[in-house]
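# 3D, please:
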Amino acid sequence: MNKYERQSRFPADQQTLPDDIADELNRLPSEVIEVGDAPSIAPPVSLNHDEVRTIVISLMLTMFLAALDQTIVATALPTIGRQFHDVTNLSWVITAYLLASTAVAPVFGTLSDIYGRRVMIITSLSLFVVGSVLCAIAPSMTMLILARGLQGLGGGGIMPVVQTVISDVVSPRERGRYQAYFSSVWMAGGILGPVIGGVFAEHLHWSMIFWINLPLTAAALALLLPKMKKIPVFHCKRNVDWLGGVLLMASAVVFMLVLTWGGSRYPWLSPTVLSMIGAAVVLAVTFVWHARRADEPFLPLKLLTGSVAPFALTAGGCGLGAITGLTVQLPLYYESVYHLSASEAGLALIPLAAVSTCGAAIAGRTMARAKHYKRVAIIGTSWAALCALGLTLTTLPLWGLLTLMAAFALGLGTTFPVCVVSLQNSVARPQVGTITGAMNFFRSLMSSFTVAAFAAILLIALGVDVPLAGEHHGAGAVPMIPADDMRHAFRYVFGAATALMTTAALCLIAMEERPLAGPSVTAQVEMAE
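Numbers count the residues shown, from 1 in each chain. Okay, here's the model as predicted:
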């Protein structure tokens, strides 16, 4: 049996806790910490309404940084390539960040359960800032790529730690509403990133896309750190399974490289890609073998089993994969079928990205009030599957397509708050960071897989080598594809999105709906007053 030293302390000014909460904390044994179906509990009252609001604002600003830097570089790449006289390695400026951020998500989640949220949020933001500075002053393309990898290490830690801090401040019942806020911030960062990057590259200097991170990070830390001293601590001191962490990260990096290079730099059946697939499988199997035998595994496999985790992970991954895959490939469809310009095609993506946050907000508010909270996500994902089926079977004018795409996004957005809160609600307090990091890790892998799968579907359906995923902006590239052929090929892409959302709906139906603790910290303070 694993031996954890449970550490659950509260601020000095918080001497009295509600009896039921204190009793539940005191009864929490070490056995509960290693079991993946332990119930989550509501946090005690330690923060007033203004303090909670300050923490949420600072965390939203922190997450905005991570979201912004995933997309802000894209429109500045041509300028960067011209300055360094190197266009062959430009894709690595984005790839290095994505590889690093995906690989370290479970690492930061687990370490926040061992060393605490405050330490890990400072660490992740410090790595992010140092990487940003090195990117801004990089003298060569090689140094810029390496600095982007370092920046990705920090950016990859921001998402799971931020979501974990929210779980320490807000009860599960109210947490869905706050997760919807963060979904809005993430989408806003994704939409504004290319716009801000293009403005900086054209009118100022491309290095400004990195320098801007410094004042934003300083503002986030200035708001957050003073309040974090009052947040209750639920981490557990234990040994760190570094070997397990390295195996997990190595398998993720190799798998991400397969998805990045397969079908573009190397054919899918080339010896290089097949060798990398074999290496990823060997590393993953070795990680599982090690985790089963380690006394204190880096990622306890029991957390990924049970009646909640596998279904919530799959549903969330399918939802994020569907929206990411469509966001990457739809500009090609808009340009080929509706003859939009590149900028107009980008604007046509707004209904997909923006309306999904409305679905998340609906789900979050429903979770705060409804006993059967997962029903809203079941209805939403089922509705999204029907909308995707409609896109598969019908040919629509542009306004009709955008309307149906917005309806699809509205249903899809309900998935995320329900899955996040259900996962966090299914484990003991000292394991919330671990399960949150694992969730972000699997979602990133699913997004990369879906992008590659959608591209492969298009290539097979069209039967030609088509520049995809942002590579189709060369002169004359898109007009070479007849509109009817592109319309026919995209029916298979929409069919794949239908399958993903159907899978998400089935997983949510099968997922156990456990009671959510509540009310929130804010609600408790308001009731006390």
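# going forward, measure contacts between C-alpha atoms and count neighbours the same way
Will do.
# quick test: name the residue nearest the centre of this structure.
residue 440 (4.9 Å; Cα atoms, centre = their mean).
# pLDDT of the helix or strand hosting that one, averaged?
Residue 440 is part of helix 432-462, with elements assigned from DSSP states H and E. What helix 432-462 shows for mean pLDDT is 84.
# show me what that helix is packed up against.
Under the contact criterion of 3 or more Cα pairs under 8 Å, 6 or more residues apart in numbering; DSSP states H and E, helix 432-462 touches helix 91-115, helix 141-169, helix 242-261, helix 309-337, helix 415-425, helix 483-510.
# how much does the fourth one deviate in direction from helix 483-510?
Between helix 309-337 and helix 483-510, the angle comes out at 160 degrees (axes from the mean of the first three to the mean of the last three Cα atoms, to 10 degrees).
# repeat that for the fifth one.
On the basis of the same axes, to 10 degrees, helix 415-425 is oriented at 30 degrees to helix 483-510.
# show me what helix 415-425 is packed against.
Contacts defined by 3+ Cα pairs under 8 Å, 6+ apart place helix 415-425 against helix 172-203, helix 309-337, helix 350-367, helix 375-393, helix 432-462.
# of these, which is nearest residue 409?
Closest to residue 409 of the helices and strands packed on helix 415-425 is helix 350-367 (Cα to Cα; 4.5 Å).
# could you give the angle of that closest one to helix 309-337?
Note on geometry: by the same axes, to 10 degrees, helix 350-367 and helix 309-337 are set 160 degrees apart in direction.
# for helix 350-367, what does the pLDDT average out to?
On average, helix 350-367 scores 83.
# now the angle from it to helix 375-393?
Counting by the same axes, to 10 degrees, helix 350-367 lies at 160 degrees to helix 375-393.
# I'd like to know which elements helix 350-367 is packed against.
helix 172-203, helix 309-337, helix 375-393, helix 398-413, helix 415-425.
# show me what counts as buried in the longest one.
Within helix 172-203, the residues that qualify as buried are 172-191, 193-201, counting by 16 or more other Cα atoms under 10 Å.
# so how far is that helix off the chain centroid?
In terms of Cα atoms, centre = their mean, to the nearest Å, the centre of helix 172-203 is found 12 Å from the chain centre.
# tell me the mean pLDDT for that helix?
Mean predicted confidence for helix 172-203 is 75.
# what helices and strands are in contact with that helix?
Counting by 3+ Cα pairs under 8 Å, 6+ apart, helix 172-203 packs on helix 49-71, helix 141-169, helix 208-211, helix 350-367, helix 415-425.
# could you rerun that using 7 Å?
Judged by 3 or more Cα pairs under 7 Å, 6 or more residues apart in numbering; DSSP states H and E, helix 172-203 is in contact with helix 49-71, helix 208-211, helix 350-367, helix 415-425.
# can you name the residues in contact with the longest one?
By that I understand helix 49-71. If you take Cα atoms under 7 Å, 6 or more residues apart in numbering as the criterion, helix 49-71 is touched by 155, 158-159, 162, 182, 185-186, 189-190, 193-194, 213, 217, 220, 223-224, 227, 522, 525.
# can I get that helix in CSV? Just the C-alpha atoms.
Provided in CSV are the C-alpha atoms of helix 49-71 (Å, rounded to 0.1, in the frame of the first residue of the first chain):
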residue,chain,number,x,y,z
HIS,A,49,-16.0,37.4,-2.2
ASP,A,50,-13.4,40.1,-3.2
GLU,A,51,-10.5,37.7,-2.6
VAL,A,52,-12.1,35.0,-4.6
ARG,A,53,-12.7,37.4,-7.4
THR,A,54,-9.1,38.7,-7.3
ILE,A,55,-7.8,35.1,-7.5
VAL,A,56,-10.1,34.3,-10.4
ILE,A,57,-9.1,37.4,-12.4
SER,A,58,-5.4,36.7,-11.9
LEU,A,59,-5.8,33.1,-12.9
MET,A,60,-7.7,34.2,-16.0
LEU,A,61,-4.9,36.5,-16.9
THR,A,62,-2.4,33.7,-16.4
MET,A,63,-4.3,31.3,-18.6
PHE,A,64,-4.7,34.0,-21.2
LEU,A,65,-0.9,34.1,-21.5
ALA,A,66,-0.7,30.3,-22.2
ALA,A,67,-3.6,30.5,-24.7
LEU,A,68,-2.1,33.6,-26.5
ASP,A,69,1.3,32.1,-27.0
GLN,A,70,0.0,29.0,-28.8
THR,A,71,-1.3,31.1,-31.7
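# buried stuff in it?
Those would be 51-52, 55-71, for helix 49-71 by 16+ other Cα under 10 Å.
# start to end distance for stretch 368-378?
End-to-end span of stretch 368-378 (Cα to Cα, to the nearest Å): 17 Å.
# try stretch 423-434
11 Å.
# how far off centre is that stretch?
17 Å.
# excluding chain neighbours, what is closest to residue 126?
residue 154 (7.1 Å; Cα to Cα, 6 or more residues apart in numbering).
# which regions of the chain lie under the pLDDT threshold?
Within the chain, the stretches with pLDDT under 70 are 1-48, 75, 230, 232-238, 342-343, 464-480, 517-529.
# burial check on the closest residue to residue 451 other than its chain neighbours, number of neighbours?
Once flanking residues are discounted, residue 451 sits nearest to residue 325: 4.5 Å by Cα to Cα, 6+ apart. As a burial measure, residue 325 scores 24 neighbours (other Cα atoms under 10 Å).
# identify the residues contacting residue 325.
447, 450-451, 454.
# next: residue 447.
Taking Cα under 7 Å, 6+ apart as the criterion, residue 447 is in contact with 320-321, 324-325.
# closest to residue 135 out of those residues?
Sorting these by how near they are to residue 135, with Cα to Cα, puts residue 324 at the top with 26.1 Å.
# from residue 152, how far out is the closest residue to the closest one other than its chain neighbours?
Counting by Cα to Cα, 6+ apart, residue 447 is the residue found nearest to residue 324 once chain neighbours are left out, at 6.0 Å. Counting by Cα to Cα, the gap from residue 447 to residue 152 is 17 Å.
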